[in-house]
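Participant: sequence and predicted structure are below.
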Amino acid sequence: MNEKTTSDLENLRGLIDGVDQQLLLLLRKRLDLVAQVGAVKHGAGLPIYAPQREAAMLAKRRDEAKKMDVSPQLIEDILRRLMRESYLNEKDVGFKQIKQDLGNVVIVGGEGKLGGLFSQMLVLSGYQVKTLDKNDWASAAQTFEGAGLVIVTVPISITCELIRDKLSSLPSHCILADLTSVKTEPVKAMLEAHSGPVVGLHPMFGPDVGSLAKQVVVVCHGRDSDKYQWLLEQIKIWGARLVEAEPEKHDKAMQLVQAMRHFSSFVYGLNLYKEEADIGSLLQFSSPIYRLELAMVGRLFAQSPELYADIIFAQKESMDAIGDYLDNYSHALSLLQAGDRDAFVAQFKEVAQWFGDFAPQFQRESRAMLQSVNDMKTD
Ligand SMILES: C=C(O[C@@H]1C=C(C(=O)O)C=C[C@H]1O)C(=O)O
């Protein structure tokens with residue numbers, strides 16, 4: 001490269017550095033303002049996630065970007081990432097405590113990751129939280145004294161037994177809730193063990209989310225919902241959306257959303273293992289979509305085998321859903337083995353028609369995800 005080119009590049013890159021440093025100053029200023037918004041929301045009991053504000057702001061910035069010949073999608077991508085940071089900032093400011101005279105919250109299994117997240121959110125909301133784990137049962141009666149809310153978040157495989165054996169003598173006013181990823185049996189066990197308010201919750205996210213903004217918590221009502229309405233309001237203030245469902249309907253959906261999804265990832269990983277695939281080499285050749293596929297499968301094997309075994313084995317009925325998947329896989333394979341391209345195309349079209357408008361919607365959503373996957377490449 002000749003001297004003039006080198007000099008030109010250095011000068012321009014220096015100017016870009018200056019602009020980026022100004023961006024940093026603006027980011028710091030924006031985060032300070034967001035923290036002040038968080039403080040106002042804390043006092044007023046407002047949710048950290050304000051979808052209408054976000055939609056209005058994004059629309060304005062997109063218009064302004066267009067007039068400045070800046071990609072509207074670029075400013076939207078930047079602002080969406082900034083908003084994710086905003087939620088963390090606002091969470092750290094804390095939340096209004098909706099139920100002032102609750103007494104203690106006891107989280108059974110609170111040393112687990114999901115229990116730890118709920119403990120953090122409840123403490124940030126001003127509640128006194130105690131945790132009770134497998135070595136604490138000798139002092140359980142004392143811990144439960146004065147408890148206003150007991151949340152059960154232990155492995156699925158021991159949830160119902162623990163509820164029945166250990167939680168049948170709670171104070172009658174105390175709310176009993178669980179966070180289990182299946183609802184029918186735990187809600188039934190809580191209703192049988194406890195005469196007071198009962199509610200089943202299923203946070204549809206992992207414990208590694210930074211905040212509950214935009215997340216979903218499924219609510220399966222048990223008993224005396226008026227007594228735990230404040231808890232649902234508190235979860236909404238944390239930024240989550242509540243989806244009410246009958247336990248049975250929830251569990252039916254989880255056969256596909258969780259059991260079959262995770263079982264399919266397990267089998268995909270098992271197949272790579274049995275085929276002695278060279279993951280490093282696969283990554284070299286991988287398209288963004290395949291890298292995302294590998295990431296979603298690989299992340300499973302970085303987590304607790306017992307957790308996923310519990311999720312997959314939780315419902316006997318999941319076997320039916322997985323068995324149907326195998327039947328459909330075998331049918332599709334038979335078309336391939338028969339070289340019946342026309343039948344494959346016909347089946348493809350039939351499924352595409354069934355997906356309807358969801359197909360192009362998912363194509364648009366996945367395009368943004370794939371671009372993010374590519375953005376994260378450092379090689
Ligand atoms: C800062 C706020 O809180 C959230 C974060 C926003 C942002 O980062 O711009 C906008 C809306 C809210 O979801 C707000 O409500 O204004």
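Facilitator: Everything's here; your move. Residues are numbered from 1 along each chain as shown.
Participant: please, where are all the strands along the stretch 201-350 of the chain?
Facilitator: 216-223, 241-244 (DSSP state E, counting those that start in this stretch).
Participant: for the last one, packing partners?
Facilitator: Right, strand 241-244. The helices and strands touching strand 241-244, judged by 3 or more CB pairs under 8 Å, 6 or more residues apart in numbering; DSSP states H and E, are strand 216-223, helix 225-237. (Glycine included, C-beta is placed from N, CA and C.)
Participant: now these in CSV, with distance to the ligand?
Facilitator: Listed next are the helices and strands packed on strand 241-244 as CSV, based on distance: least, CB to the nearest ligand atom, whole Å:
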stretch, distance to the ligand
strand 216-223, 16
helix 225-237, 12
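Participant: JSON lines for these, including mean neighbour count and mean pLDDT?
Facilitator: Converted to JSON lines, the helices and strands packed on strand 241-244 look like this (neighbours: other CB atoms under 10 Å; pLDDT from 0 to 100):
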{"stretch": "strand 216-223", "mean neighbour count": "19", "mean pLDDT": "98"}
{"stretch": "helix 225-237", "mean neighbour count": "18", "mean pLDDT": "98"}
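Participant: quick one: closest of the ones you listed to residue 269.
Facilitator: Distance to residue 269, taken as CB to CB, is lowest for strand 216-223 among the helices and strands packed on strand 241-244, at 26.3 Å.
Participant: quick one, the closest one and helix 225-237 angle?
Facilitator: Relative orientation of strand 216-223 versus helix 225-237 (axes from the mean of the first three to the mean of the last three CA atoms, to 10 degrees): 170 degrees.
Participant: list the strands paired with strand 216-223, with their directions.
Facilitator: Applying DSSP bridges, strand 216-223 is found paired with strand 198-203 (antiparallel), strand 241-244 (parallel).
Participant: among those strands, which is nearest the ligand?
Facilitator: Set against the ligand and scored by CB to the nearest ligand atom, these come closest in strand 241-244, at 12.7 Å.
Participant: now the host helix or strand of residue 73: mean pLDDT?
Facilitator: Assigned by DSSP states H and E, residue 73 belongs to helix 72-93. Averaged over helix 72-93, pLDDT sits at 95.
Participant: try stretch 51-62
Facilitator: Taken as a whole, stretch 51-62 carries a mean pLDDT of 98.
Participant: buried residues, it. List them.
Facilitator: Within stretch 51-62, the residues that qualify as buried by neighbour count (16 or more other CB atoms under 10 Å) are 58, 61-62.
Participant: give the contact list for the residue in the chain positioned nearest to the ligand.
Facilitator: Residue nearest to the ligand within the chain (CB to the nearest ligand atom): residue 86, separated by 3.3 Å. Residue 86 makes contact with 31, 34, 37, 48, according to CB atoms under 8 Å, 6 or more residues apart in numbering.
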